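Asks: Build the 3D model from these lines:
(2 chains)
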Protein chains: 2
Amino acid sequence: MAERLSHIIELIKPLDKEAMVEAQARQNTLTKPQGSLGRLEELSIQLAGIQAKPIPQIRHKAIIIMAGDHGVVAEGVGNWPQAVTAQMIYNFLSGGAGINVLARQTGARIIVVDMGVATELEASPQLLSRKIAPGTQNMVLSPAMTREQAVRAIETGIEVVASEVANGLDIVGTGDMGIGNTTASSAICAAITGRPVAEVTGRGTGITDEQLAHKVEVINRALVVNRPDPRQPLDVLAKVGGFEIGGLVGVMLAAAAHRIPVVIDGFISGAAALIATALSPKLKDFLIPAHVSAEAGHRRLLSHLGLSPLLDLGMRLGEGTGAALGIFLAETAARLLAEMSTFTEAGVSERSNLDN
Amino acid sequence: MAERLSHIIELIKPLDKEAMVEAQARQNTLTKPQGSLGRLEELSIQLAGIQAKPIPQIRHKAIIIMAGDHGVVAEGVGNWPQAVTAQMIYNFLSGGAGINVLARQTGARIIVVDMGVATELEASPQLLSRKIAPGTQNMVLSPAMTREQAVRAIETGIEVVASEVANGLDIVGTGDMGIGNTTASSAICAAITGRPVAEVTGRGTGITDEQLAHKVEVINRALVVNRPDPRQPLDVLAKVGGFEIGGLVGVMLAAAAHRIPVVIDGFISGAAALIATALSPKLKDFLIPAHVSAEAGHRRLLSHLGLSPLLDLGMRLGEGTGAALGIFLAETAARLLAEMSTFTEAGVSERSNLDN
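Replies: Residues are numbered from 1 along each chain as shown, chains lettered A, B, ... in the order given. Below you'll find the predicted structure:
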């Protein structure tokens, strides 16, 4: 494995138990019945463990949108032309996409990274050009990328996080853009979880039953042609993955190494999490699963990861839209822990053991 | 029925279908696969229908916290002293409660109303004194309140909304404070839905199995003593309800009459919604169920109302904390509809009927 990647994996440490104990102790003194904030209490404790702070802070928020194209679209796995990947990037840069609206509302900055878009994109100060190749190879004919490209994709994600940390970063959300990337994600999911392709393949942006059967057949063919080794996550990423997925793997690993919570979005981010947690099982504790998407297979993917989503709103847009909502909830959790008064401060009687 | 109450019920009109059709048409032109924002798309359409605006706006946000005490606490139905109701009101006024933190984060103002707290509260510019009585009567001995008090409680809620509308109000969330009010809410829920008390009674702020059995027995006794008529919502409110619950009934009816969406919080707000929708079935379309709380019976209550909650975070704090999160999501939905670019504006290709 490449040195930079091995190094970042070594840097991932367990959660800080002391901070978690202190955070839990503080929760128990706040003016509410113990546990009555449910998942938000649990989340505050997780954030304390990740940030190694008894009172975690969520101020600097960023969503990293990794974009890439997929050679497999030549097989007709979806309804949208490949040009939409680039068009949507311009939409992100001009502020008109769903993720822009959500990022504005939640006060998160957006970082858009060209990891491997087929189109040559116009330069923009808000766009990081890290193109590894103009789209992956068609995975029914050959591996999607070389092993070296897979490592470069991950290391690019690591570098992006490193420079964002320098700008201040308390939490990061993962986002994606790439026509065809539900196909790659289903292939990764099938390869790593061992579930039948049909169980982990959905309608992506919206395809018919017939198209879905074709998509399943294409993914099965890609797996037969490439034989990715489920015990070797880099092999899976290279053979049936995508550049943006590799980038997200790097984002997750680097964030955890920097003790930054990672809010994972939907199915594509989930596929990246399968690879990233296979590379570093400790990573799992740093992940906050924002939502379960409407994409078939996402629920199964999350349950394979042992993660329980915060939200279930039937969303399936990608871009980091679910992650933006998850970041909002993480901030809520941190603020409640930090800002609520204790029983003593507020002069509120604690629960008695007497009735009434 | 009192005149003011009858009048407000007459003012509740159906959702504006034209605005909903226009909102749906706009959704279909926005740069995303149709339907990919899931519940947030549905919510934007509902908001359009409520506000009668093709592009609804959520700017002025308020959470109305109705507070009251309950005579039934004399039966030992909970663990917290009655004084906590007043203490928590002071906590709301000084900004240290959970709802304060959430309201600050979501930009909602808080209105605290003393509908019938047992303690004499110190005056505060942020507290509306509308005390109907210093707590309800103990419902195992007599009706919780008179019919006239029940009407006054509802009409007080109506007046509070009327004055808030004058301050600008695009959405309202319901909140509650009242030691003992899960007992009253379970009684209302059992009376109106006809479910056995044990099925709709939970642990409130946290009681043991033995205490829960006692709580169920107390509620059953109150229902036997009072025989509330399930076909007469005012009778149910008067006999086994609470002043704050009556206030919330008024808030819901008045908001709907003013075409203002109502985000309902947890179990207590749900009990108020049972009464309010029984008074005006049209009201239901104006309700946004923020979350399903951890309180046993809330899920059943929502399903009786035919409402599907947005969130399921295991919360059970009340105060409007769930409603605050629901207001955030409603704002998200409205902003997405208003601010996302259309395919034409962004120069993004629409989904083709050709593969790829």
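Asks: what stretches of chain A score poorly on pLDDT?
Replies: Applying pLDDT under 70 to chain A flags residues A:1, A:352-356.
Asks: Report the beta-bridge partners for the residue positioned nearest the centre of it.
Replies: Nearest residue to the geometric centre of chain A (CA atoms, centre = their mean): residue A:264, 3.0 Å. In this entry, residue A:264 is beta-bridged to residue A:289, by DSSP bridges.
Asks: Now for it: which residues touch it?
Replies: Going by CB atoms under 8 Å, 6 or more residues apart in numbering or on different chains, residue A:264 touches A:173-174, A:252, A:270, A:272-273, A:287-290, A:307, A:323, A:326. All C-beta atoms are positioned from the backbone trio N, CA, C, and that covers glycine.
Asks: Dump these into CSV; add secondary structure and neighbour count as well.
Replies: Compiled in CSV, the contacts of residue A:264 are given as follows (DSSP: H, G, I helix; E, B strand; the rest coil; neighbours: other CB atoms under 10 Å in any protein chain shown):
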residue, secondary structure, neighbour count
A:173, strand, 35
A:174, strand, 33
A:252, helix, 32
A:270, helix, 30
A:272, helix, 32
A:273, helix, 27
A:287, strand, 25
A:288, strand, 23
A:289, strand, 26
A:290, coil, 29
A:307, coil, 18
A:323, helix, 35
A:326, helix, 28
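Asks: quick one: which of the residues you listed is nearest residue A:9?
Replies: Set against residue A:9, the nearest of the contacts of residue A:264 by CB to CB is residue A:252 (11.0 Å).
Asks: Identify the residues contacting that closest one.
Replies: Applying CB under 8 Å, 6+ apart, the residues near residue A:252 are A:157, A:174, A:262, A:264, A:272, A:273, A:276, A:283, A:286, A:287.
Asks: Show me which residues of the stretch 251-356 of chain A sit near chain B.
Replies: Counting by CB under 8 Å from any CB of the partner chain, the positions of the stretch 251-356 of chain A adjacent to chain B are A:294, A:310-317, A:321, A:325, A:328-329, A:331-332, A:335-336, A:339-341, A:345-349, A:351-353, A:355-356.
Asks: now those: which count as buried?
Replies: Burial by neighbour count, judged by 16 or more other CB atoms under 10 Å in any protein chain shown, picks out A:294, A:310-317, A:321, A:325, A:328-329, A:331-332, A:335-336, A:339-341, A:346, A:348, A:351, A:356 from these.
Asks: Can I get the helix or strand encompassing residue A:216 as PDB, trimmed to CA atoms?
Replies: Using DSSP states H and E, residue A:216 maps to helix A:209-226. This file holds the C-alpha atoms of helix A:209-226, laid out as PDB (Å, rounded to 0.1, in the frame of the first residue of the first chain):
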ATOM      1  CA  ASP A 209     -37.900  -2.400 -14.300                       C
ATOM      2  CA  GLU A 210     -36.400  -3.400 -17.600                       C
ATOM      3  CA  GLN A 211     -33.600  -0.900 -17.300                       C
ATOM      4  CA  LEU A 212     -33.000  -2.100 -13.700                       C
ATOM      5  CA  ALA A 213     -32.700  -5.700 -14.800                       C
ATOM      6  CA  HIS A 214     -30.100  -4.600 -17.400                       C
ATOM      7  CA  LYS A 215     -28.200  -2.600 -14.800                       C
ATOM      8  CA  VAL A 216     -28.000  -5.700 -12.600                       C
ATOM      9  CA  GLU A 217     -26.800  -7.800 -15.500                       C
ATOM     10  CA  VAL A 218     -24.100  -5.200 -16.300                       C
ATOM     11  CA  ILE A 219     -22.900  -5.200 -12.700                       C
ATOM     12  CA  ASN A 220     -22.800  -9.000 -12.600                       C
ATOM     13  CA  ARG A 221     -20.800  -9.000 -15.800                       C
ATOM     14  CA  ALA A 222     -18.400  -6.500 -14.400                       C
ATOM     15  CA  LEU A 223     -17.900  -8.600 -11.300                       C
ATOM     16  CA  VAL A 224     -17.300 -11.800 -13.400                       C
ATOM     17  CA  VAL A 225     -14.900 -10.000 -15.700                       C
ATOM     18  CA  ASN A 226     -12.900  -8.400 -12.900                       C
END
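Asks: which parts of it are buried?
Replies: Within helix A:209-226, the residues scored as buried using 16+ other CB under 10 Å are A:211-212, A:214-223, A:226.
Asks: Which ones among those also lie next to chain B?
Replies: Within the buried residues of helix A:209-226, those near chain B by CB under 8 Å from any CB are residue A:211.
Asks: and which of the buried residues of helix A:209-226 is nearest residue A:23?
Replies: Within these, the smallest distance to residue A:23 is 42.6 Å, found for residue A:219 (CB to CB).
Asks: quick one: the closest one and residue A:189 touch, right?
Replies: No: if you go by CB atoms under 8 Å, residue A:219 and residue A:189 don't touch, sitting 9.5 Å apart.
Asks: what about residue A:229, how many neighbours?
Replies: Neighbour count of residue A:229, defined by other CB atoms under 10 Å in any protein chain shown: 12.
Asks: any idea what sits nearest it, other than its immediate chain neighbours?
Replies: What sits nearest to residue A:229 in space, not counting adjacent residues and going by CB to CB, 6 or more residues apart in numbering or on different chains, is residue A:235, at 4.6 Å.
Asks: Which secondary structure state does the one you found sit in?
Replies: Secondary structure, DSSP: H, G, I helix; E, B strand; the rest coil: residue A:235 is helix.
Asks: Next up, the contacts around it.
Replies: Counting by CB under 8 Å, 6+ apart, residue A:235 has contacts A:147, A:228, A:229.
Asks: how close does it sit to residue A:4?
Replies: Using CB to CB, to the nearest Å, we find residue A:235 at a distance of 19 Å from residue A:4.
Asks: Is residue A:241 in contact with residue A:188, as I believe?
Replies: Yes: between residue A:241 and residue A:188 there is a contact under CB under 8 Å: 5.8 Å.
Asks: for the closest residue to residue A:141 other than its chain neighbours, what are its contacts?
Replies: By the measure of CB to CB, 6+ apart, the closest residue to residue A:141 outside its immediate chain neighbours is residue A:225, 7.2 Å from it. Contacts for residue A:225 (CB under 8 Å, 6+ apart) come out as A:139, A:140, A:141, A:142.
Asks: same question, residue A:277
Replies: Residues near residue A:277 by CB under 8 Å, 6+ apart: A:283, A:284, A:287, A:305.
Asks: filter these to the buried ones?
Replies: A:283, A:287, A:305.
Asks: quick one: which of the contacts of residue A:277 sit in helices?
Replies: Residues of those located in helices (DSSP state H): residue A:305.
Asks: between the contacts of residue A:277, which is nearest chain B?
Replies: Of all these, chain B sits closest to residue A:287, with 17.5 Å by CB to the nearest CB.
Asks: From residue A:309, how far off is that closest one?
Replies: 11 Å.
Asks: re the thing from before, for residue A:73, state which of the contacts of residue A:235 is nearest.
Replies: Using CB to CB as the measure, the one of the contacts of residue A:235 that approaches residue A:73 most closely is residue A:228, at 19.5 Å.
Asks: which residues of the stretch 1-150 of chain A fall in strands?
Replies: Using DSSP state E, counting those that start in this stretch, the strands of the stretch 1-150 of chain A run over residues A:61-68, A:109-116, A:127-129.
Asks: All the helices of chain A, in order from the start?
Replies: Assigned by DSSP H, chain A shows helices spanning A:3-11, A:17-27, A:39-51, A:83-94, A:98-106, A:147-166, A:181-193, A:209-226, A:233-240, A:243-257, A:267-279, A:298-305, A:321-339, A:343-346.
Asks: All good on my end, thank you.
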